[in-house]
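In: Just to be clear, the model below is a prediction. Sequence and coordinates:
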Amino acid sequence: MKQPAGSRWLYCRGYVQFFSALLANSYFLSQLKGFCYPVLNCWACPAANFACPIGALQYATIAARRGLGVASLAAVLPLYVLGTLVLFSALFGRMMCGWLCPFGWLQDLLGRLRRKKHKTPRWTGYTRYAVLVGLVFVVPYYTGSPWFTKLCPQGALQGGIFQPLLYPELRAGIHGMWYLKQGILLATLVAMILIRRPFCGIVCPLGAIFSLFNRHSAWQIRYDADRCTNCMWCVANCPAAIDPRKEANGHSCISCLECQKCPYETIHSEPSWRRQPCSEHPGKAMGDVSPTIE
């Protein structure tokens, strides 16, 4: 199929993901650990440069439990972290998941080994919100322990493996929780080969936060129903295993813009304030159509 001229820059996404992972884990900027990078990247990794926003939210939740009174709560409220997440979400929705997240990049790489395409049930996309509320806020608040961090496969990969390798004195502290975490990592890696972006779609609490803004972010995806031939190219190539014709900008869309490579130029993206309808017919803006699947 002919490559659309307007989408050639999209073929740089893999390079952007690589350099984002390198930026987050180059060690040379490790003095910036106090700043959050809006992706899932373990700050326990010896090479990590920035803080993990989910880790920061958990520790703020634990600090709120220990504080007393409104003044103490205001002091520990992670305004910087929340402000960073809201700013990026409002501008780009879940584009950080599709373009910047190192763990998302790993899922894309392992997904290339997949021969048969598997898709999780639609309802599993809502379990991310349960993880966000439960393991990031509620459980840490009542237990005083960052439970998502304890179980996070990204932490198992970056911190759980590289810390003991580089610092032998830490190996004596390896116990059952470490093996449990590595087991979760192994199961996640296998799932990445069998299912399209399973961690993003089912577990990731950071993606859950971004998805709350996805439909109303400043950058939006548009669908032109008049150009569509129902060839199913966008569905077959979507890393998030959704139907971009109906679900782009939805809570499961990672805004990777792979669907914009459509050979018929059916899908494009633009700032939300440039709301120019893709079709002269009413009701054919993105999300308002239900194309026939042949």
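Out: Here it is on my side, so go on.

In: any idea which helix is longest in the chain?
Out: Longest helix of the chain, by residue count under DSSP state H: helix 176-194.

In: Contacts for that one next, please.
Out: 106-107, 110-111, 113-114, 118, 150-153, 155-157, 160-161, 198-199 (Cβ atoms under 8 Å, 6 or more residues apart in numbering). Heads up, the C-betas are built off the backbone N, CA and C, glycines and all.

In: Now do the very next helix or strand once past it: which elements does it pack against?
Out: Downstream of helix 176-194, the first helix or strand assigned by DSSP states H and E is helix 198. Using 3 or more Cβ pairs under 8 Å, 6 or more residues apart in numbering; DSSP states H and E, the elements in contact with helix 198 are helix 176-194.

In: Report the central residue of the chain.
Out: With distances taken as Cα atoms, centre = their mean, the residue of the chain nearest its centroid is residue 97 (3.4 Å).

In: could you measure the closest residue to that one other than its chain neighbours against residue 242, distance?
Out: Nearest non-adjacent residue to residue 97, counting by Cβ to Cβ, 6 or more residues apart in numbering: residue 254, 4.1 Å away. Distance, residue 254 to residue 242, using Cβ to Cβ, to the nearest Å: 9 Å.

In: Only the buried residues of the longest helix of the chain, if you could.
Out: Residues 178, 181-182, 184-185, 188, 191-192 are the ones in helix 176-194 that count as buried (16 or more other Cβ atoms under 10 Å).

In: How is residue 221 assigned, secondary-structure-wise?
Out: Put simply, residue 221 is strand when judged by DSSP: H, G, I helix; E, B strand; the rest coil.

In: residues in contact with it?
Out: 244, 248-249, 253, 255, 257, 259-260, 267-269, 286.

In: Quick check: the farthest pair among the residues you listed?
Out: Spatially, the most separated pair among the contacts of residue 221 is 253 and 268, at 14.6 Å (Cβ to Cβ).

In: Looking at these two, which one has more neighbours?
Out: Neighbours of residue 253 and residue 268, each counted by other Cβ atoms under 10 Å, are more numerous for residue 253; the result is 24 against 19.

In: what are the phi and psi values for that one?
Out: Dihedral pair for residue 253: phi -70, psi 130, per degrees, to the nearest 10.

In: ok, now the one 10 residues further on?
Out: Geometry field for residue 263 lists phi and psi as phi -60, psi -20, criterion degrees, to the nearest 10.

In: Next one: it from residue 237, what distance?
Out: 11 Å.

In: do residue 95 as well
Out: Separation of residue 95 from residue 237 (Cβ to Cβ): 18 Å.

In: Residue 133 now?
Out: 33 Å.

In: Between residue 254 and residue 242, which is the more surrounded one?
Out: The neighbour comparison of residue 254 against residue 242 (other Cβ under 10 Å) goes to residue 254, with 29 against 23.

In: now that one: how far from residue 63?
Out: Where residue 63 is concerned, residue 254 sits at a distance of 31 Å (Cβ to Cβ).

In: Show the buried residues in the contacts of helix 176-194.
Out: 106-107, 110-111, 150-153, 155-157, 160-161, 198-199.

In: ok, and what's touching stretch 21-40?
Out: 20, 41, 43, 45-54, 56, 80-81, 84-85, 88, 96-97, 100-105, 152, 154, 158, 204, 206.

In: at 6 Å what do you get?
Out: 41, 47-51, 53, 56, 81, 84, 88, 96, 100-103, 105, 154, 206 (Cβ atoms under 6 Å, 6 or more residues apart in numbering).
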